[in-house]
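Asks: give me a model of this one.
(chains A and B)
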Amino acid sequence: DAGITQSPRHKVTETGTPVTLRCHQTENHRYMYWYRQDPGHGLRLIHYSYGVKDTDKGEVSDGYSVSRSKTEDFLLTLESATSSQTSVYFCAIREAGEAGELFFGEGSRLTVL
Amino acid sequence: RKEVEQDPGPFNVPEGATVAFNCTYSNSASQSFFWYRQDCRKEPKLLMSVYSSGNEDGRFTAQLNRASQYISLLIRDSKLSDSATYLCVVNELGGKLIFGQGTELSVKP
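Replies: Residues are numbered from 1 along each chain as shown, chains lettered A, B, ... in the order given. Purely as a prediction, here's the structure:
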């Protein structure tokens, strides 16, 4: 299995609080991604990174920010969590190249009360 | 309109049936295409890549039609173990990977 871990795996927080999810890889892959998954929507891309300090927005980036200061870590931050951000968040990594396979973490379940 | 769209499903089929899924994409500059499988809200895993010439892996056949901007997945001789959600994925420019909503397949005895 690809070396990718997400933390925390489960979190319950209150509306208005900041939340940071961490994705850590040991594969030295160039690309890293954050997705959220909700019933009826499949996986929706929040932000992705194509290198250290190089990030771009996805389909549903409003309310989220990311940082990648090291190859191995990709952080997703909710500055002020809302109930609509209750979801399962998946991190994924991929080697460079068009055909590179996505490897996913096990997901982080976030509940915003 | 979502950039990548799939048949809504669910598909309920008997064992041994042939089932086909389609997926359309809106970005004509998209570079590469994939089918992923996801079991019971676990992490998705690659099923197969989709090549312009079409490709086959055992009971699974994937095809790409660039002119009409769709990809398809055909599963022959369905097994109970094929029950899962199938997700199409499109690699847009710059490594931006977009998923379809997913199609749920349930294979019944």
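Asks: CA only for contacts and neighbour counts going forward, please
Replies: Will do.
Asks: got the residues of chain A near chain B?
Replies: A:31, A:40-45, A:48, A:50, A:58, A:90, A:98-99, A:101-107 (CA under 8 Å from any CA of the partner chain).
Asks: any low-confidence regions in the chain?
Replies: No chain specified, so I'll use chain A. Chain A contains residues with pLDDT under 70 at A:1-2.
Asks: ah, I was thinking of chain B
Replies: In chain B (pLDDT under 70), the answer is B:1.
Asks: distance of the closest residue in space to residue B:109 that isn't next to it in sequence from chain A?
Replies: Spatial nearest neighbour of residue B:109, chain neighbours left out: residue B:15 (5.5 Å); criterion: CA to CA, 6 or more residues apart in numbering or on different chains. To chain A, residue B:15 is 26 Å away according to CA to the nearest CA, to the nearest Å.
Asks: SS state for the nearest residue to residue B:70 once chain neighbours are set aside?
Replies: Leaving aside its chain neighbours, residue B:70 sits nearest to residue B:24 (4.2 Å; criterion: CA to CA, 6+ apart). Of the three states, residue B:24 takes strand under DSSP: H, G, I helix; E, B strand; the rest coil.
Asks: picking that back up, out of the residues of chain A next to chain B, which end up buried?
Replies: Among these, the ones that count as buried by 16 or more other CA atoms under 10 Å in any protein chain shown are A:31, A:42-45, A:48, A:50, A:58, A:90, A:99, A:101-107.
Asks: please enumerate the strands of chain B.
Replies: B:4-6, B:11-14, B:19-25, B:32-38, B:45-50, B:55-57, B:60-65, B:70-75, B:84-91, B:97-99, B:103-108 (DSSP state E).
Asks: grab the longest strand from chain A for me.
Replies: Chain A, longest strand under DSSP E: strand A:42-51.
Asks: now residue A:83: phi and psi?
Replies: Main-chain torsions, residue A:83, degrees, to the nearest 10: phi -60, psi -30.
Asks: and it, how close does it get to chain B?
Replies: For residue A:83, the distance to chain B - CA to the nearest CA - is 20 Å.
Asks: skipping adjacent residues, who's closest to that residue in space?
Replies: That would be residue A:112: by CA to CA, 6+ apart, it lies 4.9 Å from residue A:83.
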